[in-house]
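# no sequence for this one, just the structure:
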């Protein structure tokens with residue numbers, strides 16, 4: 001029987017980042033198991049490859065802010081190429097949603113994120129594909145940008161392997177051994193591995209892995225999202241625009257190698273699988289571009305794909321030891337923010353496993369125990385001013401947002 005102190009199930013961005021940060025804390029006997037032929041095959045390899053610091057998910061905002069320094073200035077030797085290209089993010093809206101975006105701009109300034117409010121004409125000047133008559137304004141975040149996901153994933157994996165971690169591909173976990181309430185081994189199609197810890201970084205399959213350990217499932221929902229790449233008629237030069245997200249019409253787009261990458265921001269619950277594109281969702285994304293950015297209306301869909309993002313009921317990550325099975329550690333529920341927050345989440349997870357504590361966020365906000373205590377599915381997080389404002393946003397309290405803006 002092979003042995004390892006820590007076995008990480010899943011070599012996506014979550015498992016890779018935790019392995020890297022465990023190595024930084026001096027842990028060497030780490031084994032990363034991946035069922036597929038290559039790391040990052042599922043959600044990590046199917047993202048829009050963007051870094052943005054604002055979302056309506058409170059904990060992820062904090063983790064994105066903490067991750068920014070790593071992307072801007074990674075450790076020496078981590079990557080041969082820059083991880084982040086600062087192209088910015090532009091959020092636009094009209095009507096009631098514009099109130100939300102103005103609140104976002106105020107929030108960003110309060111928590112130290114550079115942001116700038118733009119009028120319709122200024123937004124169109126920054127992204128000529130926009131139609132100023134279809135929006136009331138925008139918020140520009142200049143420190144956001146595009147991430148090199150391949151360099152990031154392999155930076156984590158290579159850094160961990162240099163410190164002694166092992167990566168084994170095409171290895172499926174078939175069982176988990178538990179004795180007296182504690183993990184003892186993991187069974188795979190290649191044999192068993194004796195271990196003290198198992199890290200459940202299996203993404204959409206996290207609850208299936210939990211079932212192997214005999215612990216209860218958590219309220220985690222895999223949701224499919226589509227991305228298309230479309231060719232335009234070429235009349236409008238596709239310069240280095242920021243990622244542009246239309247809050248009122250629920251889609252985003254950015255230039256991609258002489259074409260337009262776009263998503264209708266769909267989020268369809270489904271069972272864990274190797275997600276494949278649905279033609280109706282592909283057509284929806286193309287239709288949104290045609291109606292609201294007609295200057296870049298798609299002429300041909302040159303590529304399309306779908307991936308699964310796994311979302312916890314309260315839209316916060318699940319990071320910490322299971323309350324029922326000792327040595328079983330959850331690293332799940334990244335909700336589409338996994339790449340965006342991987343430096344901070346990997347660091348936080350490594351600290352929680354090895355030290356039982358972290359100073360990055362309140363551990364109670366991410367612990368799997370929060371669901372065992374019978375808390376509400378969608379709690380308001382009001383620990384700090386930014387959390388309060390984001391909670392108002394996520395619950396549609398535009399009246400309160402407007403009063404904050406007036407103050």
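Right, received. Where do you want to start? Since we're looking at a predicted model, the values are computed, not measured.

# so where is the stretch 101-250 of the chain shaky, pLDDT-wise?
Within the stretch 101-250 of the chain, no stretch has pLDDT under 70.

# Now do the strands in it.
According to DSSP state E, counting those that start in this stretch, the stretch 101-250 of the chain carries its strands in the segments 116-118, 137-141, 145-147, 166-168, 173-179, 182-188, 191-200, 220-231, 243-246.

# mind listing what the second one pairs with, with the direction of each?
Read that as strand 137-141. Strand partners for strand 137-141, identified by DSSP bridges, are recorded as strand 89-93 (antiparallel), strand 116-118 (antiparallel).

# For the nearest residue to residue 109 once chain neighbours are set aside, grab the count of nearby residues.
Leaving aside its sequence neighbours, residue 109 sits nearest to residue 115 (C-beta to C-beta, 6 or more residues apart in numbering; 6.0 Å). Placement of C-beta: from N, CA and C, glycine included. Neighbourhood size, residue 115 [other C-beta atoms under 10 Å]: 22.

# May I ask you to confirm that residue 115 is in contact with residue 102?
No - with contact defined as C-beta atoms under 8 Å, residue 115 and residue 102 do not form a contacting pair (10.4 Å).

# what's the residue most central in space within the chain sitting at in phi/psi?
Closest residue to the average C-alpha location of the chain: residue 337 at 1.5 Å, with C-alpha atoms, centre = their mean. As for residue 337, its main-chain torsions (degrees, to the nearest 10) stand at phi -100, psi 10.

# got the contact list for it?
For residue 337, the contacting residues are 55, 57, 60, 63-64, 317, taking C-beta atoms under 8 Å, 6 or more residues apart in numbering as the criterion.

# Go again with 6 Å.
Neighbouring residues of residue 337 by C-beta atoms under 6 Å, 6 or more residues apart in numbering: residue 60.

# pLDDT score for it?
The score at residue 337 is 95. That number is its pLDDT.

# Can you give me the distance of it to residue 178?
When distance is defined by C-beta to C-beta, to the nearest Å, residue 337 is 31 Å away from residue 178.

# now do residue 163
In terms of C-beta to C-beta, residue 163 sits 28 Å off from residue 178.

# So for the two, which residue has more residues nearby?
Neighbours per residue, other C-beta under 10 Å: of residue 163 and residue 178, the larger number sits with residue 178, 20 against 17.

# list the contacts for that one?
213-214, 325.

# Apply 10 Å and report the result again.
The contact partners of residue 178, taken as C-beta atoms under 10 Å, 6 or more residues apart in numbering, are 184-185, 198, 212-215, 324-328.

# what's the closest of those to residue 204?
Distances from residue 204 to those, taken as C-beta to C-beta, are shortest for residue 212 (15.1 Å).

# Find the nearest non-adjacent residue to that closest one, please.
residue 176 (4.4 Å).

# what is in contact with residue 115 and residue 102 at once?
residue 139.

# Show the contacting residues for the residue nearest to residue 188 when sequence neighbours are not counted.
Spatially, and ignoring its direct neighbours in sequence, residue 188 is nearest to residue 171 (5.1 Å; C-beta to C-beta, 6+ apart). Taking C-beta under 10 Å, 6+ apart as the definition of contact, the neighbours of residue 171 are 9, 11, 31-36, 186, 188-191, 193.

# Among those, which one lies nearest to residue 370?
Lowest distance from residue 370 to the contacts of residue 171 (C-beta to C-beta) belongs to residue 9, with 22.0 Å.

# my guess is that closest one meets residue 30, correct?
No - using C-beta atoms under 10 Å, residue 9 makes no contact with residue 30, being 11.9 Å away.

# Overlap in contacts, these two.
With C-beta under 10 Å, 6+ apart applied, the overlap between the contact sets of residue 9 and residue 30 consists of 15, 199.

# Can you show me the helices along the stretch 201-350 of the chain?
Remark: helices of the stretch 201-350 of the chain, listed N- to C-terminal, are 206-212, 279-292, 342-355; assignment by DSSP state H, counting those that start in this stretch.

# okay, the ones you listed, which one's buried deepest?
Taking mean count of other C-beta atoms under 10 Å as the contact definition, the stretch among the helices of the stretch 201-350 of the chain with the greatest mean neighbour count is helix 342-355, which reaches a mean of 23.

# now that helix and strand 191-200, what's the angle there?
Angle of helix 342-355 versus strand 191-200, following axes from the mean of the first three to the mean of the last three C-alpha atoms, to 10 degrees, is 110 degrees.

# coming back round to it: of the contacts of residue 178, just the buried ones, ChimeraX syntax please.
Of those, the buried ones can be selected in ChimeraX as follows, counting by 16 or more other C-beta atoms under 10 Å:
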select :185,198,212,213,215,324,325,327,328
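
# contacting residues around the residue nearest to residue 117 when sequence neighbours are not counted?
Spatial nearest neighbour of residue 117, chain neighbours left out: residue 105 (5.0 Å); criterion: C-beta to C-beta, 6+ apart. The neighbourhood of residue 105, defined by C-beta under 10 Å, 6+ apart, consists of 54, 91, 113, 115-118, 137-141, 405.
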